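Enquirer: I'll drop the sequence and a predicted model, then ask my questions.
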Amino acid sequence: MRETNYQSYGRYQHSEKDVINVQNSFMTKVYGWMSGGLAITAATSMFIANSYDTMMMVANMRWILIIAQLGLVFALSGAINRMSSATATILFLAYSALTGATLSSIFYVYDLNAIVSTFFVTAGTFVAMSVYGMTTKKDLSSMGSLLMMALLGLIITSIVNIFIASSTLYWLISGVGVLIFVGLIAYDTQKLKEMSHAILDGESAKKMVILGALSLYLDFINLFLFLLRFFGGSSRD
C-alpha cells in the first residue's frame with residue numbers, strides 16, 4: 001500500500017544557483033536513502049529465500065508481516081512530525097527489511113533470470129520517469145490527483161478479485177498498475193523537487209528526506225511487482 005503525506009512549508013528567496021544546489025542536495029539524499037532501502041529489501045529477501053525453513057516460517061507469518069508493514073507506513077506518514085529524524089530513519093529501514101521478508105517468496109515463484117531482468121527494466125523505467133519529473137515544466141499536480149484516485153480504485157478491484165479470481169481482471173489490474181506507478185514516479189519526483197525549495201531546518205529536512213525516500217521506494221517496489229507479473233511469465237513449477 002502507498003500512503004505518504006507531505007507538509008507545506010514557507011517559500012524563501014534565493015538565487016537560481018542556490019535553488020539548484022538545494023534541489024540537488026535534497027534529491028541526492030532522497031535517492032541515496034531510497035537505494036539503501038532497496039538494498040536492504042533485496043538482501044533480506046535473498047537471505048530468507050536461501051533457507052527453506054526460514055522461508056516457511058516467514059510464509060506462516062505473512063499476514064502479521066503485512067499488517068506490520070502497513071503500520072510502519074502509516075506511522076511514518078501520519079506521525080513523522082512527532083518523531084525524531086533518527087526514529088523515522090529506523091522505521092524506514094525496518095519497513096525495508098519487512099518488505100524484503102514478504103517478497104522472499106518470489107524466488108520460489110519466479111525464475112531468477114525473470115526477477116533480475118524485471119528489476120533492471122523497473123530501474124530503467126524509474127530513472128526515465130524520475131528524470132522527466134525533475135525536468136518537465138508541466139505541472140503534474142492534476143495528474144497526481146487522478147493517479148491517487150485510480151490507485152484507490154485499483155486497490156478495491158484487487159481485493160474484489162481475490163474472491164472472484166478472474167484471470168482477465170488480474171491482467172487488467174496488472175496493466176493499470178504499471179501505468180499508475182509509472183505516472184506516480186514522475187509526480188512524486190516533481191513534488192519532492194518542489195519541496196526542496198522550502199524552508200527546512202536540519203531536523204525537518206532529515207525527516208522530509210526519509211519521507212521522500214519512502215514515497216519513491218514504494219513507487220519502485222510496486223512497479224517492480226506489477227511488471228514481474230508480465231516478465232515473470234516463466235514461473236517455477
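Expert: Now that the structure is in, tell me what you want to look at.

Enquirer: I'd like the next helix or strand past the longest helix seen in the chain.
Expert: Selection of the longest helix in the chain by residue count, based on DSSP state H, yields helix 16-49. Moving toward the C-terminus from helix 16-49, the first helix or strand encountered (DSSP states H and E) is helix 52-60.

Enquirer: flag every buried residue along that next one.
Expert: Neighbour counts over helix 52-60 (16 or more other CB atoms under 10 Å) mark 55, 58 as buried. For the C-beta atoms, the positions are set from N, CA and C on the backbone; glycine is no exception.

Enquirer: and that helix, how far out from the chain middle?
Expert: Average the C-alpha atoms of helix 52-60, do the same for its chain, and the two points are 25 Å apart (CA atoms, centre = their mean, to the nearest Å).

Enquirer: would you map the helices across the chain?
Expert: Using DSSP H, helices in the chain cover 16-49, 52-60, 62-79, 85-103, 106-109, 112-135, 141-164, 167-195, 202-231.

Enquirer: what about the shortest one, average pLDDT?
Expert: Which is helix 106-109. Within the predicted structure, the mean pLDDT of helix 106-109 is 90.

Enquirer: ok, now the third one?
Expert: Averaging pLDDT along helix 62-79 yields 87.

Enquirer: which other helices and strands does the longest helix of the chain contact?
Expert: Judged by 3 or more CB pairs under 8 Å, 6 or more residues apart in numbering; DSSP states H and E, helix 16-49 is in contact with helix 52-60, helix 85-103, helix 106-109, helix 167-195, helix 202-231.

Enquirer: determine the angle, from 0 to 180 degrees, between that helix and helix 85-103.
Expert: With axes from the mean of the first three to the mean of the last three CA atoms, to 10 degrees applied, the angle from helix 16-49 to helix 85-103 works out at 40 degrees.

Enquirer: off-centre distance for helix 16-49?
Expert: The chain centroid and the centroid of helix 16-49 are separated by 11 Å under CA atoms, centre = their mean.

Enquirer: now swap in stretch 195-211 and tell me
Expert: On the basis of CA atoms, centre = their mean, stretch 195-211 is displaced by 19 Å from the centre of the chain it belongs to.
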